[in-house]
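Student: coords below, sequence missing:
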């Protein structure tokens, strides 16, 4: 929907207050916006209960913010972000909105700009979770579709974590009892400061780069995600590090037959205990939150993004992406010898993304989330050179080269 065609209306409700309608979409309940806001905030206690920093997307008429402010401490901070300046200009004089924005605990950011994105990224680093007021997100103009995709993908990733929470907790307890070391020790024993690191993922374009990787192998450190390990070993390429984060038992298939490799296995604390316990080589555990003063590795909710965080923490000078396609190529989801199902999802829930060659490829919300996460991380760590040798989605902040030229 375009900004010019939107019809924004205030409508009286049965509660005696107002709701907001944008075209045919109600931002709050048509009848009971206050009651709806109470339910919404009560259902999201984990996001704000006991927290000093709370991040919210979507202002609306402020009913949900008002309920949130009643439930948090006097020294807590609420960061509200909303890009819909046209809507904000209509609601900023609404009594409840004025009351909220005068609250000393509230910081409000509006308009889509470089400063807006930078502040949003900073605040994301302060919180464990984000409260998304979905009606406000759903009605924003189409020119902000990238932001909508990012936040939609964030919620998809969060849903997956919640679904596997019991499994992950069990893995963490079992993994904590294994004889392994903290990733802090990995960085002490394996220095790659100012070196080039090739991050090898299992995207379909890995097929055409494996032989090239063999040629430059001695000039780079090779960090491989578990699902691409078999493809490398099959070509005689021994990586410098293997990484896994998935909690499911099936992940054991990624290292099955390679349990006795003398290669460091870096794994998330909640990763599959079946896979981790079966591996006989050096094992290094890491966490994505602070525990016992350990080094925190931001996983970005995927193994490839976790490896990127490890490479950045280790102060590499150049990071080369191989097989990081973030899209489907030639009706394939992954490379040959991929450790799991290589078929494309049949639900038809595809999006389009521009490739490094300028053509449009099919992708998904989840893959787009990883792409945006990588791009955000690159912006935050601009002291490193990033080379994309994959054939899939274009990644902002990287240069695209053929792998044989990536070190020049």
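Tutor: That came through, no problem. In this text the structure is predicted, and so the values were computed from the model without any measurement.

Student: what's the average pLDDT for the helix or strand containing residue 171?
Tutor: Using DSSP states H and E, residue 171 falls within helix 165-176. Averaged across helix 165-176, the pLDDT comes to 93.

Student: Please renumber the chain so that the first residue is 405 from this point on.
Tutor: Got it, first residue is 405 now, which makes that one helix 569-580.

Student: what sits against residue 553?
Tutor: By CB atoms under 8 Å, 6 or more residues apart in numbering, the contact list for residue 553 reads 755, 769, 772-773, 776. Placement of C-beta: from N, CA and C, glycine included.

Student: And the pLDDT for it?
Tutor: 72.

Student: Please enumerate residues in contact with stretch 531-543?
Tutor: 405, 426-427, 429-432, 444, 448, 450-452, 455, 457-464, 468, 472, 486, 488, 491, 528, 552, 555-556, 558-559, 562, 693.

Student: Hmm, residue 800 and residue 760 touching each other?
Tutor: No - applying CB atoms under 8 Å, one finds residue 760 not in contact with residue 800, separated by 11.4 Å.

Student: Of these two, which one has the most company?
Tutor: residue 760 (19 against 14; other CB atoms under 10 Å).

Student: burial count for the closest residue to the more buried one other than its chain neighbours?
Tutor: Nearest in space to residue 760, with sequence neighbours left out and distances taken as CB to CB, 6 or more residues apart in numbering, is residue 804 at 4.6 Å. Per other CB under 10 Å, the neighbour tally for residue 804 reads 16.

Student: How about residue 804: which residues does it bridge to?
Tutor: residue 792 (DSSP bridges).

Student: Same check on residue 626?
Tutor: residue 602.

Student: Torsion angles phi and psi at residue 697?
Tutor: phi 60, psi 20 (degrees, to the nearest 10).

Student: That one and residue 719, how far apart?
Tutor: Between residue 697 and residue 719 the computed distance is 20 Å (CB to CB, to the nearest Å).

Student: Of those two, which one has the most company?
Tutor: Using other CB under 10 Å, the more surrounded residue of residue 697 and residue 719 is residue 719, with 14 against 8.

Student: Quick check: the more buried one is in a helix.
Tutor: No - assignment of residue 719 by DSSP: H, G, I helix; E, B strand; the rest coil gives coil, placing it outside any helix.

Student: pretty sure it is in contact with residue 591, am I right?
Tutor: No - here residue 719 lies out of contact with residue 591, judged by CB under 8 Å, at a distance of 9.3 Å.

Student: re the thing from before, and the residue nearest to residue 760, how close does it get to residue 518?
Tutor: 24 Å.

Student: before we move on, what about residue 492?
Tutor: Counting by CB to CB - residue 492 and residue 518 are separated by 19 Å.

Student: Please identify which of the two sits among more neighbours.
Tutor: The neighbour count for residue 492 versus residue 518, taken as other CB under 10 Å, is higher for residue 492 (15 against 8).

Student: Next up, phi/psi of the spatially most central residue of the chain, please.
Tutor: With distances taken as CA atoms, centre = their mean, the residue of the chain nearest its centroid is residue 704 (4.0 Å). The phi/psi pair for residue 704 (degrees, to the nearest 10) reads phi 60, psi 10.

Student: Grab the nearest non-local neighbour of it.
Tutor: Residue 704's closest residue in space is residue 777 (CB to CB, 6+ apart), at 4.4 Å.

Student: Can you get me a residue count around that neighbour?
Tutor: 22.

Student: Show me which positions of the helix or strand containing it end up buried.
Tutor: Using DSSP H and E, the element containing residue 777 is helix 769-784. Across helix 769-784, burial judged by 16 or more other CB atoms under 10 Å covers 769-782.

Student: so can I have CSV of the residues you listed showing distance to residue 542 and pLDDT?
Tutor: CSV is the format used below for these (distance: CB to CB, whole Å; pLDDT from 0 to 100):
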residue, distance to residue 542, pLDDT
769, 14, 76
770, 19, 81
771, 22, 87
772, 17, 84
773, 18, 80
774, 23, 89
775, 22, 91
776, 19, 85
777, 22, 88
778, 26, 94
779, 24, 92
780, 23, 88
781, 27, 92
782, 29, 95
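
Student: so can I have TSV of the residues you listed showing distance to residue 613?
Tutor: Shown next, in TSV, are the buried residues of helix 769-784 (distance: CB to CB, whole Å):
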residue	distance to residue 613
769	26
770	23
771	19
772	23
773	24
774	19
775	19
776	24
777	22
778	18
779	21
780	25
781	22
782	20
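
Student: Out of those, which comes closest to residue 602?
Tutor: The closest of those to residue 602 turns out to be residue 778 (CB to CB; 15.3 Å).

Student: Excluding covalently adjacent residues, which one is nearest to the closest one?
Tutor: Nearest to residue 778 is residue 799, by CB to CB, 6+ apart, at 5.9 Å.

Student: and residue 553, that one's in a helix?
Tutor: Yes - under three-state DSSP, residue 553 falls within a helix.

Student: Any figure for the gap between it and residue 772?
Tutor: Taking CB to CB, one finds residue 553 at 5 Å from residue 772.

Student: Give me the common contacts of the two.
Tutor: Joint contacts of residue 553 and residue 772 (CB under 8 Å, 6+ apart) are residue 755.
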